[in-house]
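# need a 3D model of the sequence below.
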Amino acid sequence: MWINFFEDALFASIAAIGFSAISNPPRRAYIYCAMIAAAGHSLRWVLISLLHVHIVAATLCGALLIGWMAVELSHKGRVPADTFLYPSLLPMIPGIYAYRSFGALTLCVWHGADTEFMHYFGLMASNALTCLFILLALTLGGTLPMFLMKKRSFSATR
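The predicted structure follows:
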């Protein structure tokens, strides 16, 4: 169990460093992005794996933690909170649900019988809605702390 926990944190931090490298931040920002992504993704992993929370609610909690940490650490890193926020959220993008929904859509079109069509349509709808709600949770959880702590979040680089 602990190995899975640390693997999840490690891979989330590596992905966050890779995503942050795209926007060319200062070198000091990489360690903050890695820590923030590891904390948020690990919280989501604990909520899903140990407490059996639904993935949407767990993603919202992880995104809120990432948003809060991005705002708080932006002063220490002397960069805007966005520099930490978006690369740290990207490892939680629900790619497997999008992939499964398009796969089910393809099978839905492929099979013409009503029972098979309805089965694959149900799979497509379930995966697509889960993907949509995870994306909404990421958006809400990541930006809500910035708006609630507006004075602190927008004064990091002044």
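
# which residues in the protein form helices?
When assigned using DSSP state H, the helices of the chain occupy the ranges 2-22, 28-49, 55-77, 81-89, 95-110, 114-148, 150-153.

# any idea which of those scores lowest on pLDDT?
Mean pLDDT is lowest for helix 150-153 among the helices of the chain, at a mean of 69.

# picking up where we left off before, mean neighbour count, the helices of the chain: which tops it?
helix 81-89 (a mean of 25; mean count of other CB atoms under 10 Å). In short, each C-beta sits where N, CA and C put it, glycine included.

# center of the protein - which residue?
Geometric centre of the chain, nearest residue: residue 92, 2.7 Å, by CA atoms, centre = their mean.

# go ahead and confirm that one touches residue 58.
No: using CB atoms under 8 Å, residue 92 makes no contact with residue 58, being 9.6 Å away.

# quickly list what's touching both of these two.
residue 44 (CB atoms under 8 Å, 6 or more residues apart in numbering).

# please report how far the residue nearest to the centre of the chain lies from residue 124.
Residue 92 sits at a distance of 22 Å from residue 124 (criterion: CB to CB, to the nearest Å).

# one more: residue 73?
Residue 73 sits 39 Å away from residue 124, taking CB to CB as the criterion.

# show me the contacts for the closest residue to residue 48 other than its chain neighbours.
Spatially, and ignoring its direct neighbours in sequence, residue 48 is nearest to residue 58 (4.8 Å; CB to CB, 6 or more residues apart in numbering). Residues counted as contacts of residue 58 (CB under 8 Å, 6+ apart) are 43-44, 47-48.

# repeat for residue 141
Contacts of residue 141 were listed using CB under 8 Å, 6+ apart, and they are 59-64, 66-67.
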